[in-house]
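**Student:** Provide a 3D model corresponding to the input given below.
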Amino acid sequence: MKNEIITVAVVTVEGDITVEDMPNTLEEFQKRVGGYIEPVSFEWNRQECTAFVDEEGLHNGKTMNPTLCMIAGHPFLVGTGVICGGVDHEGYNLGLPKSLANVLRDLSNRKSLSESTA
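**Tutor:** As a prediction, the model looks like this:
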């Protein structure tokens, strides 16, 4: 992973979504998912994206992440996931596409608003 700052979305099993900038390092991705990472590729609005999850999350009994499953269009993902863009011509992770970042920020804001009025 190229050592630079990229925009990602962190999606927890509780459905919390945080769009933030983080270092594009293996160690940082592993820290966020809580283990060795496994990439899950998907497309968003004709743009390549990657959700990184804990490679051994299912084996270790991590909880299903329905929000991440919905975003990535994958039937079964567990634990916290980190979403970024696809990869560049050298194979380095790219930042989250702006259109997806905007949608995820909106989802996060709506969830926060509904929780504060409940």
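
**Student:** in which helix or strand would I find Asn109?
**Tutor:** helix 98-117 (DSSP states H and E).

**Student:** Who are the packing partners of the helix or strand harbouring Thr67?
**Tutor:** In the assignment (DSSP H and E), Thr67 maps to helix 66-72. If you count contacts as 3 or more Cβ pairs under 8 Å, 6 or more residues apart in numbering; DSSP states H and E, helix 66-72 packs onto strand 5-11, strand 37-44, strand 47-54, strand 81-85. C-betas here are computed from N, CA, C, even on glycine.

**Student:** who's in contact with the helix or strand following the first one?
**Tutor:** Moving toward the C-terminus from strand 5-11, the next helix or strand (DSSP H and E) is strand 17-23. Outside of strand 17-23, the residues that reach it under the criterion Cβ atoms under 8 Å, 6 or more residues apart in numbering are 3-11, 28, 32, 67, 96, 101, 104-105, 107-108, 111.

**Student:** So how do I select the buried members of these in ChimeraX?
**Tutor:** Only the buried entries of those go into this ChimeraX selection, using 16 or more other Cβ atoms under 10 Å:
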select :6,7,8,9,10,11,28,32,67,96,101,104,107,108
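
**Student:** so which of the helices and strands packed on helix 66-72 gets nearest Tyr92?
**Tutor:** The closest of the helices and strands packed on helix 66-72 to Tyr92 is strand 5-11. By Cβ to Cβ, the value is 9.0 Å.
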